[in-house]
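*Asks:* Just need the structure, nothing else, for what follows:
(2 chains)
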Amino acid sequence: MAASPEGAPVGRRVVLGLLGLGAVGVVTGSKVQAGLSDLLTPLQLRDPTGLTGLVPLGDTWRYYSVTGAVTPRDAASYALGISGLVDHPATYSLADLKALPQTSFTDTFQCVTGWRVPEVPWSGVRVADLLATATPAADAVGVRFGSFDGTYSVNMTLEQARRDDVIVALAMYGKPVTHAHGGPVRIYSGSMYGYKSTKWLSRIEVTPDNRPGYWEDRGYPLNGIIDE
Amino acid sequence: MSDALELARFTRAERAVHLLVAILMVSCLVTAAILYNGSLMLMVGHRHVVETVHVWSGLALPIPMVAGLASAAYRFDVRRLNRFTPSDWTWLRSRSRRDGTIRVGKFNAGQKVNAWLVAGSTGVLLGTGVLMYWTGLVRLAFRSGATFVHDWSALALGLLVIGHIVYAFRDPEARRGMRTGRVTARWARAEHTAWADEIADAEGDYRRAAP
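*Replies:* Sure thing, here's the model as predicted:
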């Protein structure tokens, strides 16, 4: 065992090369991914098998759920409660929400960890409109969104929740929001990271503070505005 | 009968490193599949638990690889894997590479390439994973880049591991070598001729048989 093995140290070169390639990928990957995505996203959206979602081709959705299986709700069983520090608490059915003025826009869904899905068409009711109807009390500071998964919640300041691109989303890609995407009703908050967009929305509570929610308790910033 | 002789292939330390890396690697790949695939995620849920298992398995993965360096046998095998000879290139290009005409050492060229790619991609996954998990470290564009690199590297590493397992399934004696540390001289002469001769020369208690 004393003699050194023969040959060139190709292994070390390959390992160092891969690490270098990885570093280049971190710096340029965002642009490369955008280019790939332009080519591949149209294919993925038309793939009924979902098999293309198995491999990281282009920008794909990643479905997050923080509890076990979530029981789906439909038009009959769905309700959204508005409560807390408001003058007029209310409960909306799915039909009530559909009857309100709808806001539509196209935006990039951006996760704090880095993945994104560009050009997603959203439509729904502005949270600002629901808050205006409910009329927050003078000492109200935050808004807490709760999920019918029984666990998830997230906060925003009243000011953030009133932004034009914060909506109670009823439709995505021109169709009702699917259960996998947090339907029938979820939040979409365009100028904030994905964890602010509560899935399976069942509760909007106006609060006297701005407490950390589920992911904020686990390390994500309380202020989820995408500012870079 | 020299065919009944057994040769020591892997020491206890090397086998312990292999076992720990295997457990952590499977843990990483299974949790990765759940985190990545939408149907699996919605079935399993509990993303934070799955994510925590994934992250800590990944952070722990290089520890046995590095700790193994305390063993002289492991260090020597790492040096063998690192070195590539002209006959390794010939082996890779050959269509009849397994007929024994190319004298293979302790590791064949395919095993060497696999070792490099696994080591390199583990390093890349560790680095990019850290950037994704501790979101305050770099700006968003770099986190997106890290996600991109992490996804593709994970896919490549997953395929390498599956390939490694497929080859192991085809060769019970190679598996026995990693399980018990010993292989038959017959197998060593057929698969790793140069290594079998090297052991024979070193120990002198093994009569070289005609191939």
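
*Asks:* Do you know the pLDDT at the closest residue to residue B:193 other than its chain neighbours?
*Replies:* With CB to CB, 6 or more residues apart in numbering or on different chains as the criterion, residue B:193 has its nearest non-adjacent residue at 4.7 Å, and that residue is residue B:103. No exception for glycine: its C-beta is placed from N, CA and C like everyone else's. Per-residue pLDDT puts residue B:103 at 89.

*Asks:* Residue B:191 is in contact with residue B:103, correct?
*Replies:* No. Applying CB atoms under 8 Å as the test, residue B:103 and residue B:191 come out as separate, 11.0 Å apart.

*Asks:* which of the two has more neighbours?
*Replies:* The neighbour comparison of residue B:103 against residue B:191 (other CB atoms under 10 Å in any protein chain shown) goes to residue B:191, with 18 against 14.

*Asks:* which one is that one nearest to, not counting chain neighbours?
*Replies:* Residue B:191 sits nearest to residue B:104 (CB to CB, 6+ apart), 6.7 Å away.

*Asks:* And chain A, what are its domain boundaries?
*Replies:* As assigned by automatic domain parsing, chain A contains the domains A:11-54, A:80-218.

*Asks:* Spell out whether the first one and chain B are in contact.
*Replies:* By that I understand domain A:11-54. Yes. Using CB under 8 Å from any CB of the partner chain, a contact is recorded between domain A:11-54 and chain B, made by A:11-12, A:14-19, A:21-23, A:25-30, A:32-33, A:50, A:53-54.

*Asks:* Against chain A, how distant is the residue nearest to residue B:193?
*Replies:* To chain A, residue B:103 is 12 Å away according to CB to the nearest CB, to the nearest Å.

*Asks:* remind me, longest helix of chain B?
*Replies:* Assignment by DSSP state H gives helix B:140-170 as the longest helix of chain B.

*Asks:* list the buried ones in it?
*Replies:* Judged by neighbour count using 16 or more other CB atoms under 10 Å in any protein chain shown, the buried positions of helix B:140-170 are B:140-158, B:160-161, B:164.

*Asks:* for it, what is the average pLDDT?
*Replies:* pLDDT averaged over helix B:140-170 gives 94.

*Asks:* what do you get for stretch A:149-158?
*Replies:* Averaged across stretch A:149-158, pLDDT comes to 95.

*Asks:* so what's the backbone phi/psi at the residue positioned nearest the centre of chain A?
*Replies:* Taking CA atoms, centre = their mean, the centroid of chain A lies closest to residue A:194, which sits 2.9 Å from it. The phi/psi pair for residue A:194 (degrees, to the nearest 10) reads phi -50, psi -30.

*Asks:* re earlier: any of the residues of domain A:11-54 next to chain B buried? List them.
*Replies:* A:11, A:14-15, A:18-19, A:22-23, A:25-26, A:29-30, A:32-33, A:53-54.

*Asks:* What is the most widely separated pair among those residues?
*Replies:* The span of those, defined through CB to CB, is set by A:11 and A:53 at 34.8 Å.

*Asks:* filter the buried residues of helix B:140-170 down to the ones close to chain A.
*Replies:* Near chain A, judged by CB under 8 Å from any CB, the entries from those are B:140-149, B:151-155.

*Asks:* The worst-scoring helix or strand of chain A on mean pLDDT vs helix B:140-170, what angle?
*Replies:* Of all helical and strand segments in chain A, the minimum by mean pLDDT, DSSP states H and E falls on helix A:10-45, at a mean of 86. Put simply, helix A:10-45 runs at 110 degrees to helix B:140-170, going by axes from the mean of the first three to the mean of the last three CA atoms, to 10 degrees.

*Asks:* Residue B:40 belongs to a helix, doesn't it?
*Replies:* Yes. Using DSSP: H, G, I helix; E, B strand; the rest coil, the assignment for residue B:40 is a helix.

*Asks:* which non-adjacent residue is nearest it?
*Replies:* residue B:34 (4.7 Å).

*Asks:* partners of residue A:171 in the sheet?
*Replies:* Bridge pairing for residue A:171 (DSSP bridges) gives the partners residue A:123, residue A:176.

*Asks:* That one contacts residue A:105, correct?
*Replies:* No. Here residue A:171 does not reach residue A:105: they are 11.6 Å apart, not a contact under CB under 8 Å.

*Asks:* The two: which is more packed in?
*Replies:* When neighbours are counted by other CB under 10 Å, residue A:171 and residue A:105 differ, and residue A:171 comes out ahead with 17 against 14.

*Asks:* For stretch A:9-16, give me every contacting residue.
*Replies:* Outside stretch A:9-16, the residues within contact range by CB atoms under 8 Å, 6 or more residues apart in numbering or on different chains are B:81-84, B:112-113, B:115-117, B:119-120, B:123.

*Asks:* and the residues you listed near chain A, which?
*Replies:* Within these, those near chain A by CB under 8 Å from any CB are B:81-84, B:112-113, B:115-117, B:119-120, B:123.
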